[in-house]
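# Let's see this in three dimensions:
(one chain, ligands or ions: 2)
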Amino acid sequence: MVRKDKYNVAIVGATGAVGNEMIQVLEDKGFPVANLRLFASERSAGDTLPYGDEDYKVELLQENVFEGIDIALFSAGEKISLDFAPKAVQSGAVVIDNSSAFRMVPDIPLIVPEVNPHAVKKHKGIIANPNCSTIQMVVALKPLHNRARIKRIVVTTFQSVSGKGKEAMDELYEQTRAILGFQDVKVEVFPYQIAFNCLPHIDAFLDNGYTKEEMKMVNETRKILEDESIRITATTVRVPVYIGHSESVNIETEEKLSANEARAILSAAPGIVVYDEPKRNIYPVPLEVSGKDEVFVGRIREDESVPNGLNLWVVADNLRKGAATNAVQIAEMLIR
Ligand code: NAP
Ligand code: 3JN
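Ligands and ions are numbered 1, 2, ... in the order given. All right, here's what the predicted structure looks like:
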């Protein structure tokens with residue numbers, strides 16, 4: 001990327017849960033933006049969104065809109081990314097894509113800056129941002145993998161409704177309101193009522209009995225850690241939380257790693273905050289980490305059922321580190 005003082009930035013899907021957070025993160029991080037362009041569908045074109053002290057008009061996404069754009073942040077879903085990311089690259093932009101469209105394409109880098117920053121150099125115009133559940137898990141596991149080589153991961157997630165976008169957040173609100181007001185509950189976005197419930201179902205089911213979300217965690221983790229030999233199994237669960245994904249992660253390592261050593265390694269690692277004094281009720285919870293950019297780890301303890309095992313509880317803001325923050329960090333790497 002040509003060095004400049006400021007860059008022209010586009011956000012595709014700017015009105016969505018992730019897109020809105022992208023605008024906020026650009027502002028919070030003081031990213032050097034020359035001109036910001038916001039794109040969405042005809043549903044929102046013409047609306048305005050605030051950035052800094054100004055209101056920016058949302059424009060209709062069309063073929064020829066990327067002329068002059070340096071960095072295009074995409075968060076409008078897989079289909080829009082497949083259709084429009086190559087057009088943005090042709091116009092000279094570098095695309096940082098939040099969808100799954102390009103994540104597993106072998107020569108497209110899949111980047112978490114704390115974990116595999118070196119891989120960004122290989123990009124040919126598109127850089128993929130991993131799935132939110134993958135990002136927070138690999139940030140927590142990479143320092144332990146470096147020290148003791150992880151052989152197997154068993155993960156269960158507790159994912160907030162914001163992972164499914166703005167309509168899902170509205171559905172949790174409306175259902176909660178209806179139940180507390182003794183009114184009928186409408187179920188539209190999720191297959192069951194999500195308020196006061198939990199659903200072992202995120203994204204579509206595949207022929208192997210797993211969901212796409214679960215297999216994203218398996219495949220993306222191996223690509224980011226550059227280790228196809230790690231055995232991984234995942235169960236992903238939607239819970240009635242607005243923001244913040246939590247994960248119960250069990251690992252088996254080649255070398256012995258005590259809980260104390262793991263705590264020390266994680267405390268010194270970039271992008272991680274350890275909250276781990278359970279007897280004083282200190283462990284991360286989604287309500288506390290919402291709005292923050294780090295990955296929070298607690299409940300670090302040895303798995304006493306195997307020789308070399310550890311259990312961890314990993315929590316992060318899925319819209320920030322799980323999506324927008326990670327994407328803007330990648331943009332920062334590009335201009336550095
Ligand atoms: P959302 O709240 O439903 O927002 C969707 C956004 O896409 C809105 O801005 C919407 O614009 C826009 N959009 C939809 N169809 C469009 C079209 N035909 N042309 C232009 N814009 C269009 O969803 P979200 O939660 O922000 O997620 C958006 C995407 O980001 C997901 O589909 C996924 O690919 C990715 N994502 C990634 C992660 C991650 O794990 N890293 C997490 C969540 C989401 P309108 O206002 O016009 O409808
Ligand atoms: O449900 C969640 O908590 C995360 C959802 C992510 C998501 C939602 C719709 C489409 C993705 C993703 O990032 O993997 C996609 C997609 O692009 O496939």
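
# Go through stretch 58-76 and flag the buried ones.
Across stretch 58-76, burial judged by 16 or more other CB atoms under 10 Å covers 58-59, 61, 65-66, 69-76. All C-beta spots, glycine's among them, are computed from the backbone N, C-alpha and C.

# Please narrow those residues to those residing in helices.
Secondary structure defined by DSSP state H assigns none of these to helices.

# which ones are touching the closest residue to ligand 1 within the chain?
Using CB to the nearest ligand atom, the closest approach of the chain to ligand 1 is made by residue 16 at 2.1 Å. Taking CB atoms under 8 Å, 6 or more residues apart in numbering, we find residue 16 in contact with 40, 75, 76, 165, 166.

# Could you do residue 81 as well?
Neighbour list for residue 81: 74, 95, 97, 98, 99, 101, 102 [criterion: CB under 8 Å, 6+ apart].

# Sticking with it, tell me its helix or strand.
Using DSSP states H and E, residue 81 maps to helix 78-90.

# does any bit of that helix sit next to ligand 1?
Yes - for helix 78-90, a contact with ligand 1 is found by CB under 6 Å from any ligand atom, at 78, 80.

# With distance to ligand 2 added, can I get the contacts of residue 81 in TSV?
Compiled in TSV, the contacts of residue 81 are given as follows (distance: CB to the nearest ligand atom, whole Å):
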residue	distance to ligand 2
74	10
95	14
97	9
98	6
99	3
101	7
102	10
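
# re the thing from before, any idea which of the buried residues of stretch 58-76 is the one closest to residue 232?
The closest of the buried residues of stretch 58-76 to residue 232 turns out to be residue 75 (CB to CB; 25.5 Å).

# Keep only those of the contacts of residue 16 that are in strands.
Of the contacts of residue 16, the ones assigned to strands by DSSP state E are residue 40.

# near ligand 1 too, which of the contacts of residue 16?
Within the set of the contacts of residue 16, contact with ligand 1 (CB under 6 Å from any ligand atom) is found for 40, 75, 76, 165, 166.

# that older thread, retrieve the pLDDT associated with the residue of the chain closest to ligand 1.
Listed pLDDT for residue 16 reads 96.

# where do the strands sit along the stretch 151-300 of the chain?
Listed in chain order, the strands of the stretch 151-300 of the chain (DSSP state E, counting those that start in this stretch) span 231-238, 245-253, 272-274, 295-302.

# who's in contact with the residue in the chain that ligand 2 sits nearest to?
When distances are taken as CB to the nearest ligand atom, the chain reaches nearest to ligand 2 at residue 163, 1.8 Å away. Contact partners of residue 163, counting by CB under 8 Å, 6+ apart, are 132, 202, 238, 245, 318, 322.
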